[in-house]
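In: 3D model of this:
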Amino acid sequence: MKSRLHQPDYVLIFLLGLIIFIGLVFLSSSSSVIAYQKFKDSFFLLKHQLFYGVLPGLIIFFLLAKIDYHCYKKIAVPLFLITLFLLLIVFVPRLGMARGGARRWVHFGNFAFQPSEIAKLTFLIYLAAWFNAHRREIKTLKGGALPFIFLVGLITLIVIFQSDLSTALIIFIIGLTIYFLAGGRWLHILTIFLLVIVFASIAIKIAPYRMARIVVFFHPQFDPQGIGYHIRQALIAVGSGGIFGRGFGHSYQKFLYLPEVFSDSIFAIIAEEGGFIFSIGLITLFVLLAYRGFKIAKKAPDFFGQLLAGGISFWFIFQAILNIGAMIRIFPLTGVPLPLVSYGGTSMVVFLAAFGILTNISKQTV
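Out: Residues are numbered from 1 along each chain as shown. I've put the predicted structure just below:
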């Protein structure tokens, strides 16, 4: 298919900007109590997100929106190798940093970032380029399924050793989605999925804190002051919002009741302050943004663009579903941030970079 450059998908850009704006508004509310307690500045975490997440992310977004996405085929291998290097230096003393029992961060002085967040995008790019180059072999076991199992297994195992099973799950699902979009055989996909269920079950069983999350998922009343505390407080926040919410800034749960209130649990605060109507509106924005992404994928001028746009769109909506589902007890608690909304500089920058690439693809659709 031939394409010519035209205007980008402005609806995509508008939805992206609106979700980021809503996220910053509710971040200012959800983080205010903890920020004042720790830093004597109610807007400290909001300002940190702006300067270390949104602003650098927007710069990268506009830069990547101008760069022809086809160039990523040429740099896919270096990106993959750099990603492996970053994931491995997490385990290097003085460079890797542990928080809450998980070793997921790399720090240089006062600057810290999560390599596993970067891996979501760079691995997606690498797989899209790899499947594009091996399109004729995708349905075979030797040329398609086995190399894919090796690649996705390598990345996810490293991330699991960082005590980050939820991110490993997301990376695996991203990879499996690219494999499906590339035309992988259903038999191979089903076999890989079943194998991962077995390995995930083992990983859950050997880690007491993971098993505890599963127990609480099925029995939320179990140990309400211990392992069941987080989900119990999240459900209280969501339920107390009612139809129209308590009103912006009037959350009770942000007063040191709900853990991870401005990061993984921010949707619970949005539901408490904005209510059911506003929450459904935000979810609708997420769905519409993903829909625009899938529409771009369908109209992408080549196979590589289709895989790239489809993978980014699915990754975005899958992670949103995982986060929101955990807050309303559809899924076990995962520790996954809500895309473009939760506090976290690395996540914000990486998602904006991904949408910059998606915007560039939208300028070349047929």
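In: only C-alpha atoms from now on, for both contacts and neighbour counts.
Out: Will do.
In: you'd agree R104 is in a strand?
Out: Yes. Under DSSP: H, G, I helix; E, B strand; the rest coil, R104 sits within a strand.
In: okay, it: pLDDT?
Out: What the model reports for R104 is a pLDDT of 80.
In: list the contacts of I170.
Out: If a contact means CA atoms under 8 Å, 6 or more residues apart in numbering, then I170 has K120, W315, Q319 as its contacts.
In: quickly find the element holding it.
Out: helix 165-182 (DSSP states H and E).
In: of the contacts of I170, which belong to helices?
Out: K120, W315, Q319 (DSSP state H).
In: out of those residues, which comes closest to W105?
Out: K120 (14.8 Å; CA to CA).
In: in space, what's closest to that closest one - neighbours in sequence excluded?
Out: In space, not counting the residues next to it along the chain, K120 is nearest to I171; the distance is 5.7 Å by CA to CA, 6 or more residues apart in numbering.
In: how close does that neighbour get to I160?
Out: Counting by CA to CA, to the nearest Å, the gap from I171 to I160 is 11 Å.
In: with H134 instead?
Out: According to CA to CA, H134 and I160 sit 28 Å apart.
In: tell me which of these two has more neighbours.
Out: In this comparison of H134 against I160, neighbours counted by other CA atoms under 10 Å, the higher total goes to I160 at 18 against 13.
In: element containing that one?
Out: Taking DSSP H and E as the definition, one finds I160 inside helix 146-161.
In: ok, and for that helix, which residues are buried?
Out: If you call a residue buried by 16 or more other CA atoms under 10 Å, then helix 146-161 has these buried ones: F148, V152, G153, I155, T156, I158, V159, I160.
In: where in the chain is pLDDT low?
Out: When the per-residue scores of the chain are filtered using pLDDT under 70, the ranges that remain are 1-3, 100-102, 209, 220, 222-223.
In: ok, now with 90
Out: Applying pLDDT under 90 to the chain flags the ranges 1-5, 91-113, 136, 141-144, 160-166, 193, 195-232, 256, 329, 331-335.
In: returning to that earlier point: ok, the residue nearest to K120 touching T156?
Out: Yes. Distance between I171 and T156: 6.8 Å, which falls inside the contact criterion (CA atoms under 8 Å).
In: tell me the contacts of the one residue sitting closest to the centre of the chain?
Out: Relative to the mean C-alpha position of the chain, the nearest C-alpha, by CA atoms, centre = their mean, is the one of Q319, at 4.8 Å. With CA under 8 Å, 6+ apart as the criterion, the residues that contact Q319 are I170, V336, P337, L338, P339.
In: okay, the residues you listed in CSV with distance to A207 next?
Out: Formatted as CSV, the entries for the contacts of Q319 read as follows, by distance: CA to CA, whole Å:
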residue, distance to A207
I170, 19
V336, 18
P337, 21
L338, 25
P339, 27
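In: show me where this protein has strands.
Out: 96-99, 102-108, 111-113 (DSSP state E).
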